[in-house]
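Asker: Give me the fold of what follows.
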Amino acid sequence: KREHVANLFAALGVSGEARRNGDAYRLCEIFAALLAMSDAEVGEVLAFTMAEILEAGGPVVEAVLHVCETDLSACWKPEPAFFDLCRDKRAINAMVADIGSESLAATCVTDTAKVQKALIESRIIGNGCKPNSDWRPGWMQVP
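Answerer: Numbering: from 1, shown residues only. Predicted coordinates:
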């Protein structure tokens, strides 16, 4: 993929590698080359670039989400693997507050992570409450 993306830029006489020194001229060259590409080619460049350099939760990710009008809830949902990997009790409790309420989170702050994760999953599917199948953690929402 790296070679393919490099060839897309080379065909337009431009190096597609951005410099980390804030070189605005190089960025303008890259932008002009992107404007000359088809939507499919820009999509390939974007996918490759995101996979290579974007930091989850960074400002560039948020900017791309806004420009591309990406609906994260259509692309990802919390599944068992997500909950298996989630181990930070403060983050889990914050998710309880988000999907439930601050008072709910306060009442279960001393519960185990397993219990709190089960509560989140119950809220998503609607056990004893209205289902919230579109819920995503705060970092998966675009402000």
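Asker: The closest residue to F9 other than its chain neighbours: neighbouring residues, count only.
Answerer: Spatial nearest neighbour of F9, excluding adjacent residues (Cβ to Cβ, 6 or more residues apart in numbering): G16 at 3.4 Å. Just so you know, the C-beta spots here come from the backbone N, C-alpha and C atoms, and that holds for glycine as well. Each residue near G16 was counted by other Cβ atoms under 10 Å, and the total is 20.
Asker: Which helix or strand contains E55?
Answerer: For E55, there is no host helix or strand (DSSP states H and E).
Asker: Show me where the chain has its helices.
Answerer: 2-10, 24-36, 39-53, 59-68, 72-75, 80-85, 89-99, 102-107, 113-125 (DSSP state H).
Asker: Now do the last one against helix 89-99, angle only.
Answerer: This means helix 113-125. 20 degrees (axes from the mean of the first three to the mean of the last three Cα atoms, to 10 degrees).
Asker: Kindly report the same for the third one.
Answerer: Angle of helix 39-53 versus helix 89-99, following the same axes, to 10 degrees, is 140 degrees.
Asker: Give the buried residues for helix 39-53.
Answerer: For helix 39-53, a neighbour-count test (16 or more other Cβ atoms under 10 Å) marks 41, 44-46, 48-49 as buried.
Asker: and if you look at stretch 31-38?
Answerer: 33-34, 37.
Asker: Check stretch 67-85 too.
Answerer: 78, 83.
Asker: got a list of contacts for the lowest-mean-pLDDT helix or strand in the chain?
Answerer: Using mean pLDDT, DSSP states H and E, the weakest-scoring helix or strand in the chain turns out to be helix 72-75, at a mean of 76. With Cβ atoms under 8 Å, 6 or more residues apart in numbering as the test, helix 72-75 has contacts from 65, 134, 136, 140-142.
Asker: can you tell me which residues contact K1?
Answerer: K1 is in contact with 44, 48, counting by Cβ under 8 Å, 6+ apart.
Asker: No further queries at this time; thank you.
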